[in-house]
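Peer 1: Let's see this in three dimensions:
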Amino acid sequence: MELKHLSVPFEIKGVAEDGTFSGYGSTFGGTPDSYGDVMVEGCFSDTILAGGRNGNGIAMLYQHNPEEPIGTWEQISVNKKGLKVEGRLVRGVQRADETHLLLKAGAMKGLSIGYNTLEYSWNKGKTIKYLEKVDLWEISPVTFPANTRATITGVKSLIENAQNERELEQGLRESGLSAAAAKYIISLMDTKSLRDVNSSPWVEALKKIQNNNNGGSK
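Peer 2: Sure thing, here's the model as predicted:
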């Protein structure tokens with residue numbers, strides 16, 4: 001099963017000093033995402049009842065980084081709109097405090113889910129996949145659409161967890177890089193460099209792209 005990420009903008013509702021906030025991790029129906037997928041109402045029901053993947057809970061991570069948990073999801077439910085969540089950042093954890101400040105300032109405006117697809121169906125032309133049952137791993141506050149995941153540290157984690165070039169390209173695109181920049185980085189890589197990021201030649205290219213992005217408009 002391929003681990004995927006889905007990002008949606010969300011309206012911040014009452015980010016409190018104790019770190020609580022709410023939003024939607026996913027919405028049902030609408031336009032297909034970049035994978036050509038559409039979430040079907042009810043696709044999260046079983047995974048919520050089971051307490052996430054393998055019953056281990058649904059994590060709150062910083063920008064999908066499994067090494068940086070930043071809080072807990074205190075309520076996860078579904079309504080006609082989508083996956084509604086209420087979470088609490090753990091104050092005192094550096095990344096959680098940074099996320100709290102960014103949420104309050106409106107600099108971080110998105111939630112993104114990490115999940116595996118379990119059951120799906122296609123439209124008649126097999127161009128749109130309707131996800132009917134998914135296994136939810138985590139929900140992360142993410143920058144949307146600013147380019148903050150595309151740092152050497154963030155992309156290193158992304159690459160170490162990518163299972164193939166397609167998944168890596170998708171992650172780079174979600175980071176804010178253009179399609180051309182993502183493809184260029186991947187073109188510099190081989191199978192070995194997918195796991196050997198510190199010595200890979202694409203690191204310098206990524207730095208150059210980041211510097212150009214930071215100096216330009218989004």
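Peer 1: tell me which residues of stretch 109-121 are tucked away?
Peer 2: For stretch 109-121, burial by neighbour count (16 or more other CB atoms under 10 Å) applies to 109-115, 117. In this view, the C-beta of every residue, glycine as well, is placed from N, C-alpha and C.
Peer 1: Let me have those in JSON lines, adding pLDDT and distance to residue 126 as columns.
Peer 2: Converted to JSON lines, these look like this (pLDDT from 0 to 100; distance: CB to CB, whole Å):
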{"residue": "109", "pLDDT": "76", "distance to residue 126": "34"}
{"residue": "110", "pLDDT": "81", "distance to residue 126": "29"}
{"residue": "111", "pLDDT": "86", "distance to residue 126": "29"}
{"residue": "112", "pLDDT": "85", "distance to residue 126": "26"}
{"residue": "113", "pLDDT": "89", "distance to residue 126": "24"}
{"residue": "114", "pLDDT": "89", "distance to residue 126": "25"}
{"residue": "115", "pLDDT": "90", "distance to residue 126": "21"}
{"residue": "117", "pLDDT": "92", "distance to residue 126": "15"}
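Peer 1: So which of the residues you listed is the closest to residue 17?
Peer 2: In terms of CB to CB, no member of the buried residues of stretch 109-121 lies closer to residue 17 than residue 109, at 19.7 Å.
Peer 1: on that earlier part again, let's have the buried residues of stretch 109-121 in CSV, adding distance to residue 75 and secondary structure.
Peer 2: Shown next, in CSV, are the buried residues of stretch 109-121 (distance: CB to CB, whole Å; DSSP: H, G, I helix; E, B strand; the rest coil):
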residue, distance to residue 75, secondary structure
109, 21, coil
110, 19, strand
111, 14, strand
112, 18, strand
113, 15, strand
114, 19, strand
115, 18, strand
117, 24, strand
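Peer 1: for those, which one is nearest residue 92?
Peer 2: residue 111 (22.3 Å).
Peer 1: mind listing what the closest one touches?
Peer 2: Counting by CB atoms under 8 Å, 6 or more residues apart in numbering, residue 111 touches 7-8, 10, 23-25, 85, 139-142.
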